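Chemist: need a structure here:
(2 chains)
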Number of protein chains: 2
Amino acid sequence: MQGNYDEFDLNLLNNDNSVSLSLEQLNLRILYCKIILNNRLTNFMSKGLPKRSENYSEWYNELVKRADLAENSAVRGCMVIKPYGYSIWEKMQRALDDMFKETGHTNAYFPLFVPKSLFEAEETNAEGFAKECAVVTHYRLKADPNNKGKLIADPDSKLEEELIVRPTSEAIIWNTYKNWIQSYRNLPILINQWANVVRWEMRTRLFLRTAEFLWQEGHTAHSTADEAIAETKQMLDVYARFAEEWMGVPVVKGTKTPNERFAGAEDTMCIEAMMQDGKALQAGTSHFLGQNFAKAFDVKFQSKEGTLEYVWGTSWGVSTRLMGALIMAHSDDNGLVLPPKLAPLHVAIVPIYKGEDQLEQIREKLKPLMTGLKSKGITVKFDDDDQTRPGFKFAEYELKGVPVRIAMGMRDFDNGTIEVARRDTMEKQTVELNAQTDEFIKSLLDDIQTNIYQKALDFRKQNTFIVDTWEDFKKQIELGGFLMCHWDGTSETEEKIKEETKATIRCIPLDAVEEEGTCVYSGKPSKKRVVFARAY
Amino acid sequence: MQGNYDEFDLNLLNNDNSVSLSLEQLNLRILYCKIILNNRLTNFMSKGLPKRSENYSEWYNELVKRADLAENSAVRGCMVIKPYGYSIWEKMQRALDDMFKETGHTNAYFPLFVPKSLFEAEETNAEGFAKECAVVTHYRLKADPNNKGKLIADPDSKLEEELIVRPTSEAIIWNTYKNWIQSYRNLPILINQWANVVRWEMRTRLFLRTAEFLWQEGHTAHSTADEAIAETKQMLDVYARFAEEWMGVPVVKGTKTPNERFAGAEDTMCIEAMMQDGKALQAGTSHFLGQNFAKAFDVKFQSKEGTLEYVWGTSWGVSTRLMGALIMAHSDDNGLVLPPKLAPLHVAIVPIYKGEDQLEQIREKLKPLMTGLKSKGITVKFDDDDQTRPGFKFAEYELKGVPVRIAMGMRDFDNGTIEVARRDTMEKQTVELNAQTDEFIKSLLDDIQTNIYQKALDFRKQNTFIVDTWEDFKKQIELGGFLMCHWDGTSETEEKIKEETKATIRCIPLDAVEEEGTCVYSGKPSKKRVVFARAY
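Modeler: The predicted model follows:
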């Protein structure tokens, strides 16, 4: 019981049922009582966070807001990413950017706007995005003559050609590459861009589907199809590695069916993750563009052999949607659960004290630990805010998903111990404070990172089902999870299944085993199982 | 002469005027000859880069393009930032971001679009930017019924309220802050955003003035005017420190006159740099917003004393314009000159060899140096591209502003030396290759960083003039430079001077000495000198 500040220990009774306490001890007990009451209050308050089991969707929305990750803005469908949410995104960016650079890519920046005529050039791509394009038509405002203090778009500033706010940048980029590429010696071009894009969405949800979102988009140009295909796969692998090693989210790597392909691509590869409600979330895509954009923008190169050829392309992207995946994959009814590799704060230290003297004693005692942690690259906060009670702090760090919480009261101080609570399992333990404690915390963080991934992997395994009959399919899809089924390979069947069950083919897994089977819907022959699921 | 691969050494004659050479030596000489010819060719080619003294403006435009920094795009006034240019910008971002975080700021992200009604709320701000706003009026495209394969903005998707592409984000941010601030306990809010903004410009120049540009904008909220003013000054100091210590560009810190103030601010502070043509460039601004935006968006807080008060604000920003300042402050007729702290590549190594064997010998010999440099955080490239000749490589690294170039041929190999060329002064020296060479290069880089700054500082001193008569003013302004003059403090005088000479008051320097004087234009009394200059 010692060191557990969530519960009041009652082992103080003497044999005769009397209690002997010094005034100091009594004060300490009263302090702990307050903490416990506060904890209960906080728990009561956090009841406001809906339970996942009761309303997963509401739980997500509330969690995003309460954990200060993001909120809706005054602009329909556009979000404000709040500092805490953005700091997680920054960590994602840094890790991904390093991986892109390790694989030979450099960053650049292309315009926000795409002239309509360029946007039209690759017809499949244009058609695919036309319905969600924000269109700039004027470049000036002027005073409204009929309404003092108000402004109107100045009719004299109407653009001859409308500008599309980029929903994706293939058009503007391939139009630029045209001037950069003459010979095979200019290839490959391996460029990435960190940018905002706009896709007008009617039904939006924070991080998962917003009109404006932040992303990176890689756009590469190659002299052979093989090289472009290898690049497409390489970047899919980078995404998978990032999802699993950094986010702790296991993913299925696979190929999209033609129905689900990126508009303008020859082939779309993707990583699909399972959320805690059993639904799928597409976490990243990598497209082999063939020569489609090269043809649309007339991008040719002189080969080693002296012939003139169209360039081969790829594009690949992940977005702030990853934030949604991260939140939904791990968090619980108490709040966020963050993998240490992406947590802005690794360790929160909450001193439990009465008066400045005790606070300073605890601070001094913990200084070597804090120095040790920092020297190991572990971020640590000593929370000495005297306006907030420990119970509130505990609940707040749980809500924010801080992986490790350390508490020290005067009992611990006297014993030379600390209370260490890990966020993923909510387990607490009393740990001796010595020169090795920083090492202990470090390996605890590693353990949390591994455990979070393993837990998500186990969950996915438990919720992945081999389904062979249409009856079972209809039953199981209502319960959620990934349904591994044979499919006859036709768009017709795919669409009918979607109509009847809202399930889509998430991907044809790269590691699918060749086997004889019959389509779960049509009964026609099939060689491979694909992943069906309802999806975000 | 030894080790200088730019010139062919002729010290080979015997006393009898004959020449004794082994075949190997002869081949080596021929190789050197080729290099020299190549150098001359390259010099001839780089003659294409206009001279600063002849056409400074053209020199800048050409340099930006040839050094692969940026180019114009298919979108009027919008630029493409190419990988090399972007990698410099990334270094700037990283350094600034670290400085913002050290001063307690965090990053967040707010929407690209501002609804027109919000944009209008702070009237001075709205008026200031109205003439340069891109306006989104539709959210969908559809097939043009009159033109197959073409798209038009779908009239049915006309927005009820137009959206402004942010020219700056005070409006959207203060509208958000309203919900974040109730009491003094929510203050200060110290947020920065890295983003793109759009200000429609009629006459654009790469980096210096583009319709879309990248920047950071800090937006802070405080409970007292004093605190907000202190923040405004602190961020100006951060900018000045960045300009001087990282970019090597000395700046004058000062206050803008009301005429030049940010629309919506109570006070605008700025840093002003001098370019090599004697013109001024505003490199960063920090605004004290008073309670203007708090009043426009009704952002109040409960003070410690229980009263309800309007919040005090600041905003501050620097942009990709800094790239223009960096280029124009240091570069020369051979190309870019980059301060080592912002150079994507610190050291380029050019082996001069014939055949694979020699290349491998040189590579092996230089390996310890390269390892040593990397361990000191110095980026180094061993350029073994066999398709490009050393002379071209030399010119290319000069054009790109790589601070240090190392060359090693077989003579150096035999002697255990390298040729070290520094980009800032173009000086070359032969240096012994040993375990201390990496340390030598490191201190050379430090020296270059200091020298670049000192050179710019000397230049500014030489081109800063105390001017007391209107005749002298008119003469001097044609020659360029900063004119330190008394001014009567009226907008009227300021405007007349601008009309007559195109010179503006860049700032009232913070360190201006109090002295009695008379306005250089009106003859009225004045207490301080201000900085007049023509500006970018």
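Chemist: where does chain A dip in pLDDT?
Modeler: Residue ranges of chain A with pLDDT under 70: A:1-20, A:24-47.
Chemist: for it, what's the longest helix?
Modeler: In chain A, with assignment by DSSP state H, the single longest helix is helix A:437-462.
Chemist: just checking, what packs against that one?
Modeler: Using 3 or more CB pairs under 8 Å, 6 or more residues apart in numbering or on different chains; DSSP states H and E, the elements in contact with helix A:437-462 are strand A:267-274, helix A:321-330, helix A:355-375, strand A:404-408, strand A:417-422. Where C-beta positions appear, they are placed from N, C-alpha and C, glycine not excepted.
Chemist: neighbours around A:R363, how many?
Modeler: By other CB atoms under 10 Å in any protein chain shown, the residues close to A:R363 number 16.
Chemist: That one reaches A:D383, doesn't it?
Modeler: No. Using CB atoms under 8 Å, A:R363 makes no contact with A:D383, being 11.0 Å away.
Chemist: Now list whatever residues contact both of these two.
Modeler: Listed as contacting both A:R363 and A:D383 by CB atoms under 8 Å, 6 or more residues apart in numbering or on different chains are A:P351.
Chemist: Return the set of buried residues in the longest helix of chain A.
Modeler: Buried residues in helix A:437-462, counting neighbours by 16 or more other CB atoms under 10 Å in any protein chain shown, are found at A:437-438, A:440-442, A:444-445, A:448-449, A:452-453, A:455-456, A:459-460.
Chemist: could you give the angle of that helix to strand A:267-274?
Modeler: Orientation check (axes from the mean of the first three to the mean of the last three CA atoms, to 10 degrees): helix A:437-462 against strand A:267-274 gives 110 degrees.
Chemist: so after helix A:437-462, what's the next helix or strand?
Modeler: In the C-terminal direction, the helix or strand that comes right after helix A:437-462 (DSSP states H and E) is strand A:464-466.
Chemist: Put the alpha carbons of the very next helix or strand once past that following strand into CSV.
Modeler: Once strand A:464-466 ends, the next helix or strand along the chain (criterion: DSSP H and E) is helix A:470-479. The C-alpha coordinates for helix A:470-479 follow below in CSV (Å, rounded to 0.1, in the frame of the first residue of the first chain):
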residue,chain,number,x,y,z
TRP,A,470,-21.9,-15.0,-47.0
GLU,A,471,-24.0,-15.7,-43.9
ASP,A,472,-20.9,-15.6,-41.6
PHE,A,473,-19.7,-12.4,-43.5
LYS,A,474,-22.9,-10.5,-42.7
LYS,A,475,-22.9,-11.6,-39.1
GLN,A,476,-19.2,-10.9,-38.5
ILE,A,477,-19.1,-7.5,-40.2
GLU,A,478,-21.6,-6.2,-37.7
LEU,A,479,-19.3,-7.3,-34.9
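Chemist: nearest to B:P111, of the helices and strands packed on helix A:437-462?
Modeler: helix A:321-330 (16.2 Å; CB to CB).
Chemist: Measure how far the closest one is from the centre of its chain, please.
Modeler: 4 Å (CA atoms, centre = their mean, to the nearest Å).
Chemist: What is that helix packed up against?
Modeler: Checking 3+ CB pairs under 8 Å, 6+ apart, helix A:321-330 ends up next to helix A:56-66, helix A:83-102, strand A:267-274, strand A:280-290, helix A:437-462.
Chemist: if we can go back for a sec, now, which of the buried residues of helix A:437-462 sits nearest A:I181?
Modeler: For the buried residues of helix A:437-462, the nearest to A:I181 is A:Y453 (41.1 Å; CB to CB).
Chemist: need the contact list for the nearest residue to the closest one once chain neighbours are set aside.
Modeler: Nearest non-adjacent residue to A:Y453, counting by CB to CB, 6 or more residues apart in numbering or on different chains: A:G248, 4.0 Å away. By CB under 8 Å, 6+ apart, the residues touching A:G248 are A:329-330, A:339, A:341, A:449, A:452-453, A:456.
Chemist: please redo it, this time with the cut-off set to 7 Å
Modeler: The contact partners of A:G248, by CB atoms under 7 Å, 6 or more residues apart in numbering or on different chains, come to A:330, A:339, A:449, A:452-453, A:456.
Chemist: hang on, it in a strand?
Modeler: No. Assessed with DSSP: H, G, I helix; E, B strand; the rest coil, A:G248 is coil; it does not lie in a strand.
Chemist: what sits against the residue lying closest to A:V80 once chain neighbours are set aside?
Modeler: Once flanking residues are discounted, A:V80 sits nearest to A:S73: 4.9 Å by CB to CB, 6+ apart. Counting by CB under 7 Å, 6+ apart, A:S73 makes contact with A:79-80, B:110-111, B:172, B:176.
Chemist: Put together TSV for the residues you listed, with secondary structure and neighbour count on each row.
Modeler: Putting those into TSV (DSSP: H, G, I helix; E, B strand; the rest coil; neighbours: other CB atoms under 10 Å in any protein chain shown) gives the following:
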residue	secondary structure	neighbour count
A:M79	strand	26
A:V80	strand	23
B:F110	coil	27
B:P111	coil	28
B:I172	helix	26
B:T176	helix	24
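Chemist: So of these, which two are at opposite extremes in space?
Modeler: Taking CB to CB as the measure, the contacts of A:S73 span a maximum distance of 11.7 Å, between A:M79 and B:I172.
Chemist: just to revisit the earlier point, could you dump the helices and strands packed on helix A:321-330 to JSON lines with distance to B:I497?
Modeler: Formatted as JSON lines, the helices and strands packed on helix A:321-330 follow (distance: least, CB to CB, whole Å):
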{"stretch": "helix A:56-66", "distance to B:I497": "54"}
{"stretch": "helix A:83-102", "distance to B:I497": "44"}
{"stretch": "strand A:267-274", "distance to B:I497": "62"}
{"stretch": "strand A:280-290", "distance to B:I497": "57"}
{"stretch": "helix A:437-462", "distance to B:I497": "63"}
